[in-house]
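> Any chance you can model this:
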Amino acid sequence: MIGNPIAHSLSPQIHQKFALQTNLELEYQKYLVEEEQLDSFVKEFFANGGTGLNVTLPFKQQVLELVDELSDAAKTCQAVNTLSVDKNGKIRGDTTDGAGLILDLTRLAFEFENKNILVVGAGGASISVIHALLNNQARVTLHNRSQNKVTAVISQFSDEGEIHAFDSKETIKFDGVICAVSLFNQSLLDPVVPLLNDNAFIYDLNYAQRAEQTLNYFKQRGFENSSDGYGMLVGQAAKSFEIWHGILPDLVSR
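Alright, predicted model coming up:
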């Protein structure tokens, strides 16, 4: 895995659990890479026999210029978190973040197909989420502080499914909320609460302590059907593992 910073990543532990589960021997390491080293590092990694690389911030967009081909999802989202190489040495870029979310929502039995789902946040983290939801027949409403960002994202995905901007005067009720903002923001969430179905699910892409404020906010208002995003982290890792090894492992716990 490459990124900067990288020390906090849990990916090596997750992939080692996958390796034990599938009886594969592998070496998965974290590499702290400077921006000026990115091109040479990626090329040397695969030239030296590397199987695959995960890519995290701040390089998910930069590596777009380094690959020979992109998956449809990576093209749409304009982001890559998984690099692999084919038998001809061509480097392929994929994004598995959205697929990881779908795996985890399914595991949790949080229903999203043909449901009204509110996505809070229109930054980079929301793009793969929206793409995955729309391609799994969810109806998406986007809520963000900056309406310019909302307009841009809706324009990007208008051909993929039903997506529109949040309005506090909504007549529909939401079946689920996916929080894709890095920091808790009560002013964004207060207008949302009256528009939720009683059994709506709450999912925060953050995990552990970083998700506590958001999840507690909704629990205090009676919404117990909730989860942090650790399962999405595991899910996207599982989809990367499948790309590299041809096996989709079972999702592992903390």
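
> in which helix or strand would I find the nearest residue to residue 184 once chain neighbours are set aside?
Nearest residue to residue 184, sequence neighbours excluded (Cβ to Cβ, 6 or more residues apart in numbering): residue 213, at 3.8 Å. Yep, even glycine has a C-beta here, placed from its N, CA and C like the rest. Taking DSSP states H and E as the criterion, the element that holds residue 213 is helix 209-219.

> now what about that helix, what contacts it?
177, 179, 182, 184, 186, 189, 193, 202, 204, 206, 226-229 (Cβ atoms under 8 Å, 6 or more residues apart in numbering).

> Can you tell me which of those lies closest to residue 38?
residue 182 (23.1 Å; Cβ to Cβ).

> For ChimeraX, what selects the buried ones among the contacts of helix 209-219?
To isolate the buried ones among the contacts of helix 209-219 in ChimeraX, judged by 16 or more other Cβ atoms under 10 Å, type:
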select :177,179,184,189,202,204,206,226,227,228,229
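
> Can you lay out the contacts of helix 209-219 as CSV showing distance to residue 161, secondary structure and pLDDT?
Formatted as CSV, those follow (distance: Cβ to Cβ, whole Å; DSSP: H, G, I helix; E, B strand; the rest coil; pLDDT from 0 to 100):
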residue, distance to residue 161, secondary structure, pLDDT
177, 18, strand, 98
179, 20, strand, 98
182, 25, coil, 90
184, 28, coil, 94
186, 29, helix, 96
189, 24, helix, 97
193, 25, helix, 97
202, 22, strand, 98
204, 23, strand, 98
206, 25, coil, 96
226, 25, strand, 98
227, 23, strand, 98
228, 26, coil, 97
229, 22, coil, 97
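
> So for residue 61, what's the nearest residue that isn't a sequence neighbour?
Per Cβ to Cβ, 6+ apart, closest to residue 61 is residue 79, 5.9 Å.

> ugh, wrong one, I meant residue 161
In space, and not counting its chain neighbours, residue 161 is closest to residue 134: 3.4 Å by Cβ to Cβ, 6+ apart.

> what about that neighbour, neighbour count?
Residue neighbour count, defined by other Cβ atoms under 10 Å, stands at 21 for residue 134.

> Now do the contacts for it.
By Cβ under 8 Å, 6+ apart, the contact set of residue 134 is 140, 157, 160-163.

> mind redoing it with 6 Å?
When contacts are counted by Cβ atoms under 6 Å, 6 or more residues apart in numbering, residue 134 touches 140, 157, 160-161.

> how's this structure carved up into domains?
2-95, 98-229 (automatic domain parsing).

> Any idea how many residues pack against the residue nearest to residue 110 when sequence neighbours are not counted?
Closest residue to residue 110 apart from its sequence neighbours, by Cβ to Cβ, 6+ apart: residue 201 at 4.2 Å. Around residue 201 sit 25 other residues, with neighbours defined as other Cβ under 10 Å.

> What are the boundaries of the helices in the stretch 101-250 of the chain?
Counting by DSSP state H, counting those that start in this stretch, the segments of the stretch 101-250 of the chain that form helices are 124-134, 147-157, 186-189, 209-219, 230-245.
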